[in-house]
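Engineer: how would this look folded up:
(one chain, ligands or ions: 2)
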Amino acid sequence: MACVLLTGGNGYIGSHTTAVLSERGHDVIILDNFSNSGRDVPDRLRRLTGKTFPIIEADIRDTATVTAALAEFPIDAVIHFAALKAVGESEADPLLYYDMNIVGTIRLLEAMQARNIRRIVFSSSATVYGQPDFSPIPEDAPTRVQNIYGRTKLVMENLITDLARTGKLLGAANLRYFNPVGAHPSAMIGETPAGVPNNLMPYVCQVASGIRPFLQVFGSDYDTPDGTGVRDYIHVMDLAQAHAAAVEHLLANDTAFTVNLGTGIGISVLDLVHAFEHANKRKIEYKIVPRRPGDVASYFANPEAAEKLLGWKARLGIEEMCRDAWVWEAKRGGINDV
Ligand code: NAD
Ligand code: WQD
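Structural biologist: Ligands and ions are numbered 1, 2, ... in the order given. Sure thing, here's the model as predicted:
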């Protein structure tokens with residue numbers, strides 16, 4: 001088995017990937033500056049997995065500290081989650097996103113090179129596609145980034161691909177996530193959005209728990225079956241399994257690839273609301289309001305490449321996503337009748 005360092009491993013997707021990698025017999029090292037995740041997560045992971053994971057508290061841009069830390073463990077590969085991920089924030093503060101997401105990744109790659117660590121799995125995003133011509137979206141679809149955040153992801157994909165092409169990296173995987181949602185079925189770890197959630201599922205959960213009075217449905221006049229926005233929601237546990245499959249593939253092959261991580265199933269806003277109500281027996285009040293600027297009508301993945309290359313396929317459906325998201329949210333809010 002392998003020793004895998006997870007930058008941002010204390011975060012939403014990183015913590016779930018830690019649990020899955022551990023379950024598959026790998027050693028996990030977490031590097032995180034705790035800027036967007038709780039100090040309780042390492043203990044939650046210990047109680048969930050029965051293992052204590054070494055934590056390197058550092059900023060990926062601190063090359064000296066990161067380089068020194070990488071020498072402490074026999075690291076075989078890195079999964080790079082650490083980044084800022086809010087589209088609106090990226091448009092308001094481009095230099096922050098260029099520094100954190102691009103400079104941060106370059107500093108990490110420099111530290112990896114100094115320690116001869118030459119395999120990386122990179123957290124990219126379907127945002128790189130911008131407004132797609134059609135769905136399901138294949139990996140060779142045009143990348144028409146429409147915001148600073150998406151551009152940072154595309155720039156880093158290209159840089160990582162170039163480092164693999166020039167032999168500086170032996171293994172490189174760009175994983176384009178669609179819409180991760182849900183939580184570990186144990187409800188020991190999950191998503192902890194700060195402030196008012198931007199994303200649909202955590203907002204629906206907060207309506208269900210009474211924190212928010214109703215959901216604003218951003219537009220019902222899109223060219224979609226019910227007029228509301230269509231997305232490819234993927235359970236975070238399926239996403240975590242995909243990361244394990246990707247890093248295991250890189251450890252067995254000197255290769256570079258880019259794959260979509262989605263279910264291939266388009267779910268509308270109202271589809272999700274109805275699935276949530278059915279899965280959790282809770283009414284979700286909503287109001288139709290004008291479209292959110294920057295939203296696209298519909299996008300969902302062609303997931304075939306990941307299945308062919310990695311033997312991975314999303315297994316969990318929208319009702320499991322809604323159920324696990326709710327049980328986590330309810331537990332956090334002290335709601336017992338879930
Ligand atoms: P998250 O914010 O929950 O986790 C990111 C973690 O990285 C946090 O623990 C944070 O403390 C840490 N971090 C941030 N900047 C850091 C830095 N400079 N140095 C060290 N640690 C740092 O985010 P997430 O939802 O788990 O997303 C993980 C990755 O997946 C990100 O790269 C994100 O862009 C990408 N992604 C997320 C989504 C989504 O909807 N959640 C979708 C597509 C892609
Ligand atoms: C989903 C649908 C909204 C909230 C974002 C980022 C993307 C990626 C994933 C990082 C849309 C509708 C939402 C609400 C609503 N993150 N909606 N009311 O915008 O597809 O993707 O998260 O990589 O970069 O852009 O996800 O959950 O915000 O929206 O009607 O209160 O739900 O219009 O159709 P999105 P989302």
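
Engineer: Backbone dihedrals for residue 104, please?
Structural biologist: Main-chain torsions, residue 104, degrees, to the nearest 10: phi -60, psi -40.

Engineer: mind listing what the residue of the chain found nearest ligand 2 touches?
Structural biologist: Nearest residue of the chain to ligand 2, counting by Cβ to the nearest ligand atom: residue 229, 2.2 Å away. From N, CA and C alone the C-beta is placed, and that goes for glycine too. Going by Cβ atoms under 8 Å, 6 or more residues apart in numbering, residue 229 touches 218, 219, 222, 268, 269, 295, 296, 297, 298.

Engineer: Contact residues of the stretch 151-300 of the chain facing ligand 2?
Structural biologist: 179, 198-200, 203, 215-218, 229, 231, 269, 292, 295 (Cβ under 6 Å from any ligand atom).

Engineer: hang on, the earlier thing: next step: the contacts of residue 229 restricted to helices.
Structural biologist: Counting by DSSP state H, the contacts of residue 229 place residue 269 in helices.

Engineer: which of the contacts of residue 229 are buried?
Structural biologist: Neighbour counting with 16 or more other Cβ atoms under 10 Å marks 218, 219, 222, 268, 269, 296, 297, 298 as buried within the contacts of residue 229.

Engineer: Now do the strands in the stretch 151-300 of the chain.
Structural biologist: Assigned by DSSP state E, counting those that start in this stretch, the strands in the stretch 151-300 of the chain fall at 171-177, 179-181, 215-218, 230-231, 233-235, 256-261, 267-268, 286-289.

Engineer: So what sits opposite the residue in the stretch 151-300 of the chain that ligand 1 sits nearest to in the bridge?
Structural biologist: Of all residues in the stretch 151-300 of the chain, the one sitting closest to ligand 1 is residue 177 (3.7 Å; Cβ to the nearest ligand atom). Bridge pairing for residue 177 (DSSP bridges) gives the partners residue 125, residue 261.

Engineer: ok, now which ones touch it?
Structural biologist: Contacts for residue 177 were tallied using Cβ under 8 Å, 6+ apart; they are 13, 123, 124, 125, 126, 234, 239, 261, 262.

Engineer: Please apply the same query to residue 266.
Structural biologist: Residue 266 neighbours (Cβ under 8 Å, 6+ apart): 135, 224, 230, 231, 232, 298, 299, 300.

Engineer: Let me know the pLDDT of it.
Structural biologist: Note on residue 266: pLDDT of 98.

Engineer: One more: the one 4 residues further on?
Structural biologist: Note on residue 270: pLDDT of 98.

Engineer: Please name the residues that touch it.
Structural biologist: 217, 226, 228.

Engineer: Contacts for the helix or strand containing residue 122, please.
Structural biologist: Taking DSSP states H and E as the criterion, residue 122 maps to strand 119-125. Where contact means Cβ under 8 Å, 6+ apart, the residues beyond strand 119-125 that reach it are 8, 13, 76-81, 83, 85, 105, 109, 112, 149-150, 153-154, 156-157, 160, 169-177, 243, 246-247, 250-251, 258.

Engineer: Quick check: residue 86 touching residue 149?
Structural biologist: Yes. Between residue 86 and residue 149 there is a contact at 7.0 Å, judged by Cβ atoms under 8 Å.

Engineer: Contacts only, for residue 291.
Structural biologist: Per Cβ under 8 Å, 6+ apart, neighbours of residue 291: 218, 219, 221, 222.

Engineer: Burial check on the third one, number of neighbours?
Structural biologist: Around residue 221 sit 11 other residues, with neighbours defined as other Cβ atoms under 10 Å.

Engineer: ok, and the closest non-adjacent residue to it?
Structural biologist: Counting by Cβ to Cβ, 6 or more residues apart in numbering, residue 221 lies nearest to residue 227, which is 5.6 Å off, once chain neighbours are set aside.

Engineer: wait, isn't the one you found in contact with residue 219?
Structural biologist: Yes. Counting by Cβ under 8 Å, residue 227 does reach residue 219; the two are 7.5 Å apart.

Engineer: quick one: which of the buried ones among the contacts of residue 229 is nearest to residue 288?
Structural biologist: Residue 288 has its nearest neighbour among the buried ones among the contacts of residue 229 in residue 219, at 7.5 Å by Cβ to Cβ.

Engineer: Run through the residues that contact that closest one.
Structural biologist: Contacts of residue 219 by Cβ under 8 Å, 6+ apart are 227, 228, 229, 288, 289, 290, 291, 292, 295.

Engineer: follow-up on the earlier one: buried deepest among the strands of the stretch 151-300 of the chain, which one?
Structural biologist: Of all the strands of the stretch 151-300 of the chain, strand 233-235 carries the top mean neighbour count, a mean of 27, counting by mean count of other Cβ atoms under 10 Å.

Engineer: quick one: contacts for residue 206?
Structural biologist: By Cβ under 8 Å, 6+ apart, the residues touching residue 206 are 197, 212, 329.
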